[in-house]
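S.K.: Sequence and computational prediction follow.
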Amino acid sequence: MVAERVNRKLAAILAADVVGYSRLMGADEAGTLAALKRHREAVFDPAVAAHHGRIVKLIGDGVIAEFGSVVDAVSCALSVQRSSATISDQGASQPTIVLRIGINLGDVIIEGDDIYGDGVNVAARLEPLAEPGGICVSSIVNESVGNRIDVRFQDGGEISVKNIDRPIRVWKWHPKATTSAISQSVAKPEPNVAAPSIAVLPFTNMSGDPEQEYFSDGISEDIITDLSKIGGLTVIARNSSFTYKGRSVDVRAVGRDLGVRSVLEGSIRRAGNRVRITAQLIDAATSAHLWADRYDRDLTDIFEVQDEVVEKIVGALAVTLTQGEQRRLRRHGTSNVEAYECWLRARALLTRGTRESIVQARAMYRRAIEFDQNFAAPHAGLAFAAIADHTSGWALDSAQALLEAERWARRALELNDQEPVSHMALGNVLLWRRDHEGALAEFARMIALDPNFAQGHTATGLALMYAGEPARALEPFAMAMRLDPHYPDIVLHFLAQANFSLGKFEIAAQQLLDRIARNPSTDASRMLLASCYGHLGRAEDARTAWADLRKVNPDFSLMQRARVLPYKNPDDFQRILEGLAKAGLP
């Protein structure tokens, strides 16, 4: 007699349950049932469908759903919990529905439309371990999603659960665990990462002259730039490490906040043509000093001092350099101190991003070139200044601004094709011209030269998104957020654009709300938010977002956006217009 074959498959199982359901039913049975029905229709069911899942069964207030992808299952759960926090009740007397969600990846037995087995049982046991409004997942789920989602789960330890013969290590997430649901994955990363990692804090200006801040900041940033070219070392971006400027910090707290094993701090005192630099490398877990030194040198020796500091750090962290990395670390853009100082001033001005500061930066870059015509970096800086004129609408002739940017970027590469920012400058020009393949090629070369370039990873993700590959864009965005835990708010907008293009409107809307909270003056995020709401059937919310957009920018033009945004496929921008149309907006 042949045994009947059991039909099995691997699936991601999501189990959800309403918090305090019996209490709610006891207090208001009709209102609770109405609220639960509305929650399923407006939040849960659409999220499952949007993430390619299937609702297997409803058990009172509980739900079991299956997904072919663990990323889809977790993204669905995040969408549900974020949407639940923002959905408004139709009546003041109607109870609020709050879910706990558990997710497991495992083997299941298929019987008709139903599923059984250990994979389902574990998910059901994880669900009550989640906090109200939160998510609890098994270790295999946490490992499987990795950096492919926009949050990080916190280790909940090993727990024994009913009817499971082995302890289960659980991982938890809750939207209120940090100030931003989106930033949780990077704002508090674990410090004990496997690879050597470092944050360089801004060196303290000890000169007694505030005008010398550009110099101390510039030296700090150059050390970050040099270290970031080392593939075997994770280096936190300037944007995040400089959030500690002017603050007395606990190195262990910095390590936990930025997810690094070591921290470099120091000071610079400049007097005439002499400079004193102190530096100390500290273990972020123990506060023990790994290396420290002081340099009293002539200003003309500043490049040698930077080389020595980088070499000492590399030695202390036992990082092995490739021959290419050794060559690049020894190759300085200029030996002219005056050109170097002008470039430091220009770079600080460019970072401010205002129209006036861009004009000032352009003048300072030109002065740097006057001192050293073969200095590649200020040529790349002039390209970025011209790109800013184009993207911000400051140029009288936008096309001419891009031509100017390309001319400066190509000249920078002629002078030094080992400079990552020159490849980034040219890549940006090509992207805004809708040469997506050319842009991605430049960005690939840039990342090969500087694996820790957070802004470069963001640019790569943006190019992929505009090229019609939003799913691939999520990985470089995640890398940028790891390297720059206090990432600029614009990254949230780019991430939302990618999720919008993927049809994940709930996730995109939450990311846009976070971006607007950080940057209330944004018009672009409000435009996309209004479209998200249109696709979600939330017409009133869409109209509110559009009205807010008109308040911050009465001259906002969809035609200008359509003309400038470099989508490869016009249908991608059309999807924005369709969302607005669904809400009755222009």
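M.R.: Cool, got the structure. Bear in mind the structure is a predicted one, so any value in this text is a computation, not a measurement. Numbers count the residues shown, from 1 in each chain.

S.K.: Now name the helix or strand holding Pro95.
M.R.: Under the criterion DSSP states H and E, no helix or strand holds Pro95.

S.K.: ugh, wrong one, I meant Arg362
M.R.: Counting by DSSP H and E, Arg362 is found in helix 355-371.

S.K.: ditto for Arg169
M.R.: Going by DSSP H and E, Arg169 is part of strand 168-173.

S.K.: hey, which strand is longest across the protein?
M.R.: If you go by DSSP state E, the chain has its longest strand at strand 99-111.

S.K.: tell me, how many neighbours does Gly315 end up with?
M.R.: Look at Gly315: counted by other Cβ atoms under 10 Å, it has 12 neighbours. Every residue, glycine included, has its C-beta placed from N, CA and C.

S.K.: check contacts around it.
M.R.: Contacts for Gly315 were tallied using Cβ atoms under 8 Å, 6 or more residues apart in numbering; they are Trp291.

S.K.: can you confirm it is in a helix?
M.R.: Yes - assessed by DSSP: H, G, I helix; E, B strand; the rest coil, Gly315 belongs to a helix.

S.K.: Could you report the pLDDT at it?
M.R.: With respect to pLDDT, Gly315 scores 83.

S.K.: if we can go back for a sec, give me the distance from the following helix or strand past the longest strand of the chain to the chain's centre.
M.R.: Using DSSP H and E, the helix or strand that directly follows strand 99-111 along the chain is strand 114-116. Computed by Cα atoms, centre = their mean, to the nearest Å, the chain-centroid distance of strand 114-116 equals 38 Å.

S.K.: Residues contacting stretch 495-508, please?
M.R.: Against stretch 495-508 from outside (Cβ under 8 Å, 6+ apart): 46-47, 50-51, 75, 78-79, 82-83, 150, 182, 461, 465, 468, 470-471, 473-474, 477, 509, 511-512, 515, 525, 528, 531-532, 535-536, 572, 575-576, 579.

S.K.: hmm, back to that, what's the angle from the strand holding Arg169 to strand 99-111?
M.R.: On the basis of axes from the mean of the first three to the mean of the last three Cα atoms, to 10 degrees, strand 168-173 is oriented at 130 degrees to strand 99-111.

S.K.: now for strand 168-173, which elements pack on it?
M.R.: For strand 168-173, the elements it packs on are helix 118-126, strand 135-138, helix 139-145, strand 154-159, judged by 3 or more Cβ pairs under 8 Å, 6 or more residues apart in numbering; DSSP states H and E.

S.K.: Would you enumerate the residues in contact with the residue nearest to Pro128 when sequence neighbours are not counted?
M.R.: Closest residue in space to Pro128, ignoring its immediate chain neighbours: Arg100 at 6.3 Å, by Cβ to Cβ, 6 or more residues apart in numbering. Contact analysis of Arg100 by Cβ under 8 Å, 6+ apart lists 16-17, 19, 127-128, 130-134, 136.

S.K.: are any of these buried, and which?
M.R.: 16-17, 19, 127, 130-131, 133-134, 136 (16 or more other Cβ atoms under 10 Å).

S.K.: tell me which of the residues you listed is nearest to Ala65?
M.R.: Ala16 (7.6 Å; Cβ to Cβ).

S.K.: Taking the centroid of this structure, which residue is nearest it?
M.R.: Met481 (3.3 Å; Cα atoms, centre = their mean).

S.K.: Give the buried residues for stretch 305-320.
M.R.: 305-306, 308-310, 312-314, 316-317, 319.

S.K.: Name the SS class of Arg297, please.
M.R.: Applying three-state DSSP: Arg297 is strand.

S.K.: ok, it - contacts?
M.R.: Neighbours of Arg297 in contact, by Cβ under 8 Å, 6+ apart: 274-277, 304-305.

S.K.: any chance of those in CSV, plus pLDDT and distance to Ala348?
M.R.: Formatted as CSV, those follow (pLDDT from 0 to 100; distance: Cβ to Cβ, whole Å):
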residue, pLDDT, distance to Ala348
Arg274, 88, 22
Val275, 87, 18
Arg276, 90, 22
Ile277, 89, 19
Glu304, 83, 23
Val305, 83, 20
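
S.K.: Please report how far the nearest residue to Met465 once chain neighbours are set aside lies from Leu513.
M.R.: Leaving aside its chain neighbours, Met465 sits nearest to Ala473 (4.1 Å; criterion: Cβ to Cβ, 6+ apart). Distance, Ala473 to Leu513, by Cβ to Cβ, to the nearest Å: 20 Å.

S.K.: Between the two, tell me which one has more neighbours.
M.R.: Neighbour count, other Cβ under 10 Å: between Ala473 and Leu513, Ala473 has more, with 26 against 21.

S.K.: In contact with that one: list those residues for me.
M.R.: Per Cβ under 8 Å, 6+ apart, neighbours of Ala473: 461-462, 464-465, 494, 498.

S.K.: Out of those residues, which two are the most distant from each other?
M.R.: Leu464 and Phe494, at 10.3 Å, using Cβ to Cβ across those.

S.K.: Check whether Ile109 really touches Ala11, as I assumed.
M.R.: No - look at Ile109 against Ala11 with Cβ atoms under 8 Å: they stay out of range, at 10.4 Å.

S.K.: what is in contact with these two at once?
M.R.: Ile115.

S.K.: hang on, Leu58 is in a helix, isn't it?
M.R.: No - the assignment for Leu58, made by three-state DSSP, is strand rather than a helix.
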